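[1] Here is my input; please provide its structure:
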Amino acid sequence: MGKILTVVVPTYNAEKYLRDNLESFKIPELMEDLEILIVNDGSTDHSLEIAEEYVRQYPDTYRVITKENGGHGSGINCGIANARGTYFKVVDADDWVGEKAFCDLVRTLKTSNADVVYSGFLWTYDNGETDKTKFQTKAEITIPFEGVEYQKTYSFDSIADKLYMKMHNMTIKTEILRENQINIDEHCYYVDTEYITYPIPYVKTICFVDGFVYYYRLGRAGQSVGLEKMQKNEENYNKVLESLLKFYRQLGNQVPCTEIKKQYIARLIARVIAGKFKIMLSFSPSAKKKQQIKQYDQNLKTQYRDIYDSNINKAVSLLRKTQYHTYYLVNLMVRSMCR
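    Below is the predicted model:
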């Protein structure tokens, strides 16, 4: 019997968290519908042994592929190439799913023919407690958009202007990724936005499931989302941003795309641009830094006006409104918030 869903778990030295992840899919009524594909990305700890333990116990559900280290994007690419399920979802090795909401998601996948099925996620703050049920949680987005009808299949273009979809929200048809040769940057951080952006031109329909499926762990050592890590990996961030801008230039030319979807993608990239501003503003202020940021923003306005106009970040808006006279104040605010 074919699998309805492949969950790809990109895994690198995740022995501390991987068991929590893999246990969360061990739901008896779902096992025959699931393929849990652990992509062992050259781990040097006991991640592989943990993965193989689940493969031995549940060979019809769990599968492991071991490859040389290539980063998060490489794990996703490997998953796309090898997935056997009709639908495809990425759940990072240090994260997990909630049983009830995940069951609802799989039930929807079995009855829906939507290209993308959207479900909720929770920020989950790991402060070192051994019992993860005691972690504090917070929803960044409580509902996808005002007036959403769950289980209804929408034309993507009809609601695109109301929507912001992250990797944790998205379950997508595998054939969309494979047939359109979706490929994510490897040996690089911050590739989640590539994964949620590149398939959009090919997505025609979307359905929404009520509930928070994905638990996104924050606070663990080694994450790439902390300010210090983002400063250190600024070159990676710039690489992803350049890849996104290159893709944007292809829309309507090499990549067929409706104008509505192009506007949606402009808004996604504008959020990545805001992250770049945050990184630039997180360094000690100087006249040289101010000029660099100002020049970058001017080039953006000239070359990518739609992306420039899609900004919703308050710090960026303040800089623009004051013609950068508030640079030192905004710099102080950003650095204070990031401590």
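[2] From here on, just use CA atoms for contacts and neighbour counts.
    Noted.
[3] can you give me the strands for the stretch 151-300 of the chain?
    Assigned by DSSP state E, counting those that start in this stretch, the stretch 151-300 of the chain shows strands spanning 153-155, 170-173, 205-218.
[4] For R19, which of these is the nearest?
    strand 205-218 (14.0 Å; C-alpha to C-alpha).
[5] now the strands of the stretch 151-300 of the chain in CSV, with mean neighbour count, mean pLDDT and distance to V116?
    As requested, the strands of the stretch 151-300 of the chain are arranged in CSV below (neighbours: other C-alpha atoms under 10 Å; pLDDT from 0 to 100; distance: least, C-alpha to C-alpha, whole Å):
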stretch, mean neighbour count, mean pLDDT, distance to V116
strand 153-155, 16, 98, 9
strand 170-173, 23, 98, 4
strand 205-218, 22, 97, 5
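[6] Let me have those in JSON lines, extended by distance to W123.
    Formatted as JSON lines, the strands of the stretch 151-300 of the chain follow (distance: least, C-alpha to C-alpha, whole Å):
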{"stretch": "strand 153-155", "distance to W123": "27"}
{"stretch": "strand 170-173", "distance to W123": "15"}
{"stretch": "strand 205-218", "distance to W123": "5"}
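[7] I4: which of these is closest?
    strand 170-173 (9.7 Å).
[8] Show me what that closest one is packed up against.
    strand 87-90, strand 116-125 (3 or more C-alpha pairs under 8 Å, 6 or more residues apart in numbering; DSSP states H and E).
[9] So what are the sheet partners of it and their directions?
    According to DSSP bridges, strand 170-173 forms sheet pairs with strand 87-90 (antiparallel), strand 116-125 (antiparallel).
[10] from these, which stretch is densest packed?
    A comparison of the strands paired with strand 170-173 by mean neighbour count, using mean count of other C-alpha atoms under 10 Å, puts strand 87-90 on top with a mean of 25.
[11] Run the chain-centre distance for that one.
    Here the centre of strand 87-90 is set off from its chain's centre by 12 Å, with C-alpha atoms, centre = their mean, to the nearest Å.
[12] which strands and helices sit next to whatever helix or strand comes next after that strand?
    Downstream of strand 87-90, the next assigned helix or strand under DSSP states H and E is strand 96-97. The contact analysis (3+ C-alpha pairs under 8 Å, 6+ apart) places strand 96-97 against helix 18-23, strand 205-218.
[13] T171 is nearest to which of the ones you listed?
    strand 205-218 (9.8 Å).
[14] For the closest one, output the C-alpha coordinates as CSV.
    The C-alpha trace of strand 205-218 is given here as CSV (Å, rounded to 0.1, in the frame of the first residue of the first chain):
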residue,chain,number,x,y,z
THR,A,205,-4.6,24.9,-4.5
ILE,A,206,-4.3,25.0,-0.8
CYS,A,207,-6.3,23.5,2.2
PHE,A,208,-6.1,24.4,5.9
VAL,A,209,-6.1,22.2,8.9
ASP,A,210,-7.1,23.5,12.3
GLY,A,211,-4.5,22.8,15.1
PHE,A,212,-0.8,23.1,15.9
VAL,A,213,1.0,20.1,14.3
TYR,A,214,4.6,21.2,14.6
TYR,A,215,6.5,22.0,17.7
TYR,A,216,9.6,24.1,16.9
ARG,A,217,12.2,23.9,19.6
LEU,A,218,14.0,27.1,20.5
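[15] For the nearest residue to R19 once chain neighbours are set aside, list the residues it contacts.
    Distances taken as C-alpha to C-alpha, 6 or more residues apart in numbering put I50 closest to R19, at 7.0 Å, once the chain neighbours are dropped. Contact analysis of I50 by C-alpha atoms under 8 Å, 6 or more residues apart in numbering lists E15, L18, R19.
[16] so how far is I50 from the first one?
    Distance from E15 to I50, counting by C-alpha to C-alpha, to the nearest Å: 7 Å.
[17] before we move on, back to that, JSON lines for the helices and strands packed on strand 96-97, including distance to T61?
    Output for the helices and strands packed on strand 96-97, formatted as JSON lines (distance: least, C-alpha to C-alpha, whole Å):
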{"stretch": "helix 18-23", "distance to T61": "11"}
{"stretch": "strand 205-218", "distance to T61": "19"}
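[18] looking at these, which is closest to M170?
    Relative to M170, the nearest member of the helices and strands packed on strand 96-97 by C-alpha to C-alpha is strand 205-218, separated by 9.9 Å.
[19] Measure how buried the nearest residue to T326 once chain neighbours are set aside is and give me the count.
    Nearest residue to T326 in three dimensions, chain neighbours excluded: L319, at 6.0 Å (C-alpha to C-alpha, 6+ apart). Residues contacting L319 under the criterion other C-alpha atoms under 10 Å number 19.
[20] who does the helix or strand containing L319 touch, helix- and strand-wise?
    According to DSSP H and E, L319 maps onto helix 314-321. Packing partners of helix 314-321 (3+ C-alpha pairs under 8 Å, 6+ apart): helix 327-337.
[21] coming back round to it: any figure for the gap between the residue nearest to R19 and A14?
    Relative to A14, and taking C-alpha to C-alpha, I50 is found at 10 Å.
[22] Pop out the phi and psi values for V9.
    Main-chain dihedrals, V9, degrees, to the nearest 10: phi -120, psi 90.
[23] Specify the beta-bridge partners of it.
    Beta-bridge partners, per DSSP bridges, of V9: I38.
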